[in-house]
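1. Task: produce atomic coordinates for the following.
(one chain, ligands or ions: 3)
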Amino acid sequence: TKWVYGFGDGRAEGEQGMRNLLGGKGANLAEMSNIGLPVPPGFTITTEVCTHYYAHDRHYPPELAGEVEAALAAVGRITGKRFGDPANPLLVSVRSGARASMPGMMDTVLNLGLNDATVAAVAAASGDERFAWDSYRRFITMYSDVVLEVDHAHFEEILEDFKEHKGYVLDTDLTAADWKGLVAKYKTLVQEELGKPFPQDPHEQLWGAIGAVFSSWMNARAITYRSLQQIPESWGTAVNVQAMVFGNRGESSATGVAFTRNPSTGENALYGEFLINAQGEDVVAGIRTPQPITETARIAGGMPAPSMEKAMPQAFAEFKRITHVLEQHYRDMQDIEFTVEAGKLWMLQTRSGKRTGKASLRIAVEMANEGVITRAEAVARVDPAGLDQLLHPTLDPKAARQEIARGLPASPGAASGEIVFTSEEAEAVKSAGRPVILVRQETSPEDIKGMLAAAGILTRLGGMTSHAAVVARGWGKPCVSGAGSIRVDAAAGVLHAGGKAWRRGDIITLDGSTGQVLAGKVAMQQPELSGEFATLMEWADGLRRMKVRTNAETPSDARQARQFGAEGIGLCRTEHMFFEEGRIVAMREMILADDEKGRRAALAKLLPMQRADFRQLFEIMSGLPVTIRLLDPPLHEFLPHTDEEVAEVAAAMGASEAKLKARALELSEFNPMLGFRGCRLAIAYPEIAEMQARAIFEAAVEAARSTGKPVTPEVMVPLVATKAELDLVKARIVAMAEAVTRESGVALSYQVGTMIELPRAALRAGEIAATAEFFSFGTNDLTQTTIGISRDDAAAFLGTYVQKGIFAVDPFVSIDQEGVGELVKLAAERGRAARAGLKLGICGEHGGDPASIAFCESAGLDYVSCSPFRVPIARLAAAQAAL
Ligand code: ADP
Ligand code: MG
Ligand code: MG
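-> Ligands and ions are numbered 1, 2, ... in the order given. Below is the predicted model:
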């Protein structure tokens with residue numbers, strides 16, 4: 001096995017495709033070398049070394065030391081320096097790099113190779129004493145923090161005390177002598193903390209740093225991040241060792257980060273930040289405020305001069321050229337890290353840039369229009385889940401806003417919620433069902449859980465490329481970062497903003513698109529669905545096979561879903577129509593009646609209401625298919641709860657309260673989910689199904705008249721286990737259709753079908769299909785009944801199941817393809833074998849989940865049905881599934 005891959009000087013042993021072995025950073029450093037970009041030479045120690053290290057009780061492969069020596073020598077030849085040479089030292093950075101980027105996970109060590117001897121050589125060679133000692137103090141601080149585990153704060157304290165004493169404001173105010181004095185203090189600190197001196201031997205330093213990278217793969221932060229992002233532990237991390245280039249060599253040097261397009265809006269304009277006379281982390285650390293890369297951005301942001309474009313025009317021109325090369329080469333928006341040393345540009349990293357859902361859309365559409373990618377690629381690129389943030393409301397521009405602070409618009413969208421200061425609080429309040437805004441000084445990977453729970457994130461420090469900003473954009477959560485005017489006192493649970501103390505639990509609103517922090521809750525408005533969104537959806541619609549319908553019962557949901565492109569209703573839950581004001585009493589009368597006569601009297605009151613509901617839905621759907629499910633839930637769900645409610649129903653029925661209470665008690669069940677519900681209601685009380693069927697057919701006649709379009713209702717019978725059940729209920733429906741036809745003189749076209757939501761129904765799908773004209777897989781119930789887990793009780797243990805890897809994901813979120821999925825496939829096959837052209841759909845929550853939609857495509861379903869806000873997600877996911 002080869003453990004080490006070199007790169008630099010226009011060539012490399014690795015390439016872009018080798019990210020599993022070299023990690024993302026290593027593969028791209030190799031690729032940038034291959035295409036002739038200026039990359040400081042270096043080498044990558046592979047992820048296989050990491051795997052070997054953990055498989056062998058933290059020992060390296062025996063050949064590793066030799067390969068590293070050889071690679072160091074090669075870097076030395078390219079740079080004309082030698083690692084550890086006291087007269088002409090090669091300095092390196094040691095950088096981690098896993099397959100998937102893990103922001104902030106493992107810290108980089110810069111300037112490695114410096115010691116009391118080499119620092120003098122660097123000073124002499126550069127003729128810049130200050131630069132040499134600045135580099136040395138950086139190295140001691142970083143190395144001590146990352147490798148020796150001496151807390152960063154100790155060094156900060158010494159530095160801050162010194163600056164205060166000298167009356168300095170910025171780190172750049174310190175002179176060579178100042179840094180030299182601090183280095184001595186730093187070394188004493190290390191000696192005191194560790195009981196041994198700071199390591200002077202460059203090789204000891206190097207192996208210390210390599211070891212720290214590999215160990216950090218198993219630190220708590222990394223483990224949490226991996227489990228949240230579902231990154232397998234077995235992947236391991238690579239280590240990159242690379243010749244240093246110096247952005248801290250005075251005014252003609254700088255370091256920066258940039259995106260080739262705007263990661264918030266997607267605008268095709270170079271976007272980024274840089275700092276003159278600084279090294280790597282300074283840009284993201286928020287110690288000094290970075291400057292924009294381009295002059296346009298500087299002016300737009302009202303930032304003080306200079307931009308990189310003005311300050312170093314030559315390096316800027318070269319940088320601009322390279323960003324274009326990179327975009328064309330990778331055919332995607334890139335996130336780039338670079339350094340300018342004495343006017344010369346060096347590329348230190350490139351990767352596909354994280355972006356908001358909005359940016360993702362715009363970039364995909366524009367790149368397809370530019371001819372960089374195909375339309376199908378554009379469709380494939382956009383994460384359907386990321387559309388979510390576009391479909392959700394933003395702040396109503398007409399609503400009054402009381403601004404209490406302003407920061408950077410780090411991740412767009414808006415959210416209101418209770419202020420919390422820690423991850424624990426965020427999770428607790430969120431699980432109590434209330435939205436939260438996580439307020440932090442700055443965030444680090446330790447805050448990931450809180451960020452996940454939060455509706456929005458507010459930080460005092462950090463720029464557009466800070467940890468909070470990057471993570472929030474990735475998750476599509478609004479974030480305001482760098483709100484410098486606020487004060488965060490987490491210990492006391494107080495946020496000072498806008499001249500007021502906001503306590504834990506107070507409500508604030510964030511506008512991640514403007515960077516505003518607002519008092520209280522602010523009204524939201526519906527999203528804009530034209531432009532790139534419409535274009536991409538049109539491309540997606542041209543590529544998909546499955547239809548996308550919606551689950552809707554109210555006119556507003558139905559209208560919303562049509563705006564989102566729904567091609568019909570796949571599930572209208574009629575029971576939801578009975579909870580409304582003015583109906584629930586009639587419904588209760590029906591349920592509590594002793595006999596059929598009493599029930600029919602109550603049903604007669606419900607009929608016109610149901611008919612009006614259905615007519616409205618048919619009219620909104622204007623000729624598109626509408627599947628209406630007969631009453632499904634256990635009757636006890638409709639029972640009156642309070643004495644007042646009982647009295648109201650008693651008065652309406654002219655019955656005694658005591659009698660009603662007794663009847664209610666009779667209806668209570670041990671296990672309602674498997675109780676008196678679904679078609680069992682229609683079997684026991686056929687008059688309910690008859691009323692509903694009449695309402696459906698009469699509404700169809702009326703809507704066909706009013707819209708001039710034929711209406712073909714699909715009447716769906718729930719919770720069928722046997723063909724006999726469906727036969728009985730279907731007979732009633734058909735009889736009612738005949739009655740309505742006779743009465744109205746209008747010939748009806750309709751279908752009767754069933755839900756497949758019990759394992760027995762799936763198994764006997766062949767015979768059920770003799771009666772059913774369509775199947776709709778009710779995968780919520782099918783999941784409950786197949787796995788034997790009640791969804792409402794699963795919360796107590798399902799998390800543990802997922803953690804322990806028993807389920808890869810919550811089977812109620814993403815369909816269990818192996819188990820529940822096998823029943824779906826089997827029922828689809830048996831059903832279609834019995835009835836050619838049997839229409840198949842899915843109407844559980846899974847209908848809006850991209851992974852489940854891909855499964856539905858493979859099972860050959862005709863359509864998926866999901867909640868209105870998921871319709872665009874489903875359209876895109878269905879297209880991707882068909883690609
Ligand atoms: P991360 O994965 O956290 O971004 P990196 O390994 O990319 O960590 O290092 C962080 C920063 O350190 C880089 O963006 C760059 O500015 C700086 N850096 C890393 N290696 C070098 C190097 N060889 N020369 C100069 N700067 C470097
Ligand atoms: Mg980096
Ligand atoms: Mg069901």
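2. got a pLDDT number for residue 343?
-> At residue 343, the pLDDT value in this model is 96.
3. what's around residue 702, how many residues?
-> Neighbour count for residue 702, taken as other Cβ atoms under 10 Å: 19. For the C-beta atoms, the positions are set from N, CA and C on the backbone; glycine is no exception.
4. typed the wrong thing, it's residue 161
-> Neighbours of residue 161 under the rule other Cβ under 10 Å: 11.
5. Distance-wise, check it relative to residue 501.
-> Distance from residue 161 to residue 501, counting by Cβ to Cβ, to the nearest Å: 30 Å.
6. Spell out the residue ranges of the strands in the stretch 151-300 of the chain.
-> For the stretch 151-300 of the chain, the strands defined by DSSP state E, counting those that start in this stretch occupy 237-243, 254-259, 271-276, 291-292.
7. Mind listing the strands the shortest one pairs with, and their directions?
-> Spelled out, it's strand 291-292. strand 271-276 (antiparallel) (DSSP bridges).
8. pLDDT on the strand it pairs with, on average?
-> 93.
9. re the thing from before, and the strands of the stretch 151-300 of the chain as CSV, adding distance to residue 621?
-> Listed next are the strands of the stretch 151-300 of the chain as CSV, based on distance: least, Cβ to Cβ, whole Å:
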stretch, distance to residue 621
strand 237-243, 53
strand 254-259, 43
strand 271-276, 43
strand 291-292, 50
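10. Now do the same for the closest residue to ligand 1 within the stretch 251-400 of the chain: its pLDDT.
-> Ranked by Cβ to the nearest ligand atom, the top residue of the stretch 251-400 of the chain for proximity to ligand 1 is residue 280, at 2.7 Å. Listed pLDDT for residue 280 reads 82.
11. and what of residue 688?
-> With respect to pLDDT, residue 688 has a value of 95.
12. Shouldn't it be within a strand?
-> No: checked against DSSP: H, G, I helix; E, B strand; the rest coil, residue 688 lies outside a strand; its state is helix.
13. I'd guessed it sits against residue 680; true?
-> No: assessed by Cβ atoms under 8 Å, residue 688 is found out of contact with residue 680, at 11.0 Å.
14. The two: who's more crowded?
-> Of the pair residue 688 and residue 680, residue 688 is the one with more neighbours under other Cβ under 10 Å, namely 23 against 17.
15. What residues does that one make contact with?
-> Taking Cβ atoms under 8 Å, 6 or more residues apart in numbering as the contact definition, residue 688 lies against 590, 599, 603, 630, 631, 681, 682.
16. Any figure for the gap between the nearest residue to the last one once chain neighbours are set aside and ligand 1?
-> Going back to what we said before, that points to residue 682. Leaving aside its sequence neighbours, residue 682 sits nearest to residue 689 (Cβ to Cβ, 6 or more residues apart in numbering; 3.8 Å). Residue 689 sits 63 Å away from ligand 1, going by Cβ to the nearest ligand atom, to the nearest Å.
17. is it true that residue 689 touches residue 629?
-> No: look at residue 689 against residue 629 with Cβ under 8 Å: they stay out of range, at 11.1 Å.
18. Any idea how far the lengthiest helix in the chain is from the middle of the chain?
-> Identified as the longest helix of the chain according to DSSP state H is helix 596-621. How far helix 596-621 lies from its chain's middle: 42 Å, per Cα atoms, centre = their mean, to the nearest Å.
19. Can you list the buried residues in that helix?
-> Judged by neighbour count (16 or more other Cβ atoms under 10 Å), helix 596-621 contains these buried residues: 598-600, 602-603, 605-607, 609-611, 613-621.
20. What of stretch 509-525?
-> 509-519, 522, 524.
21. Nearest to residue 724, out of those residues: which one, please.
-> Checking the buried residues of stretch 509-525 against residue 724 by Cβ to Cβ gives residue 524 as the nearest, at 50.4 Å.
22. just for the stretch 501-650 of the chain, where's the confidence low?
-> Applying pLDDT under 70 to the stretch 501-650 of the chain flags the ranges 580-581.
23. and the gap between the residue in it that ligand 1 sits nearest to and residue 394?
-> Closest residue of the stretch 501-650 of the chain to ligand 1, Cβ to the nearest ligand atom: residue 512 (23.1 Å). Remark: distance between residue 512 and residue 394 (Cβ to Cβ) = 9 Å.
24. and what of residue 620?
-> As judged by Cβ to Cβ, residue 620 and residue 394 stand 25 Å apart.
25. how about low-confidence regions in this structure?
-> 103-106, 284-287, 392-393, 465, 474-476, 580-581.
26. quick one: common contacting residues for residue 688 and residue 680?
-> Shared contacts of residue 688 and residue 680, counting by Cβ under 8 Å, 6+ apart, come down to nothing at all.
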